[in-house]
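# please work out how this folds:
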Amino acid sequence: MNDKMLIEAACEAQSNAYAPYSDFKVGAALWGDDGQIYTGVNVENCSHGLTVCAERSTVSNAVSHGCKSFKKLVIYSSCSPPATPCGACRQVLFEFTPDLEILCVNNSDETNHYTLSQLLPDAFRSNRH
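Reported below is the predicted structural model:
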């Protein structure tokens, strides 16, 4: 799986984002250990606390298809610098793949590479990790 395929999937997903309140549309594509690409988008709600980020939407999509371990995540947004996952998304991603590779990309082809442990160095850990 190459980065270009993941970036294209995240970009395509972004067009389906539901962001009538912020107009901040985000698409995400997750490469599962099963070799599949899972996508998701942010879904806003007028009760802002009920908004779901693209990253968590993507994780839910993967898990609902039986995939619970991931190789790489691409987050696609229009802002500069490219958006990184919020704290809640970082913790949710850590639950499944603490060493996940993350690419944050925008529509100007700016790309930032991170590992999840860089973005969340002191994650809450259960006995599972």
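# so the residue most central in space within the chain: helix, strand or coil?
Nearest to the centroid of the C-alpha atoms of the chain, with distances taken as Cα atoms, centre = their mean, sits E55, at 3.0 Å. Assigned with DSSP: H, G, I helix; E, B strand; the rest coil, E55 falls in the helix class.
# state the pLDDT value of it.
You'll see E55 listed with a pLDDT of 98.
# residues contacting it?
With contacts defined as Cβ atoms under 8 Å, 6 or more residues apart in numbering, the neighbours of E55 are 28, 40, 73, 75, 85-86, 89, 92-93. The C-beta positions use only the backbone N, C-alpha and C, and glycine is treated the same way.
# could you say which helix or strand contains the closest residue to it other than its chain neighbours?
Of all residues beyond its chain neighbours, the one nearest E55 is C89 (3.9 Å), with distances taken as Cβ to Cβ, 6 or more residues apart in numbering. When elements are defined using DSSP states H and E, C89 is found to belong to helix 87-96.
# right, and the helix or strand after that helix?
On the C-terminal side of helix 87-96, the nearest following helix or strand under DSSP H and E is strand 101-106.
# and that following strand, how far out from the chain middle?
For strand 101-106, the separation from the chain centroid amounts to 9 Å (computed by Cα atoms, centre = their mean, to the nearest Å).
# can you give me the mean pLDDT across it?
Averaged across strand 101-106, the pLDDT comes to 98.
# quick one: the strands in the protein?
Counting by DSSP state E, residue ranges of the strands within the chain are 27-32, 37-41, 70-77, 101-106, 111-115.
# wait, which of these is closest to Y21?
Within the strands of the chain, the stretch nearest Y21 is strand 37-41; the backing value is 14.3 Å (Cβ to Cβ).
# thinking again about what came up before, redo the strands of the chain as a markdown table? Include distance to T51 and mean neighbour count.
As requested, those are arranged in a markdown table below (distance: least, Cβ to Cβ, whole Å; neighbours: other Cβ atoms under 10 Å):
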| stretch | distance to T51 | mean neighbour count |
| --- | --- | --- |
| strand 27-32 | 14 | 27 |
| strand 37-41 | 11 | 23 |
| strand 70-77 | 15 | 24 |
| strand 101-106 | 19 | 20 |
| strand 111-115 | 23 | 14 |
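# great, nothing more from me.
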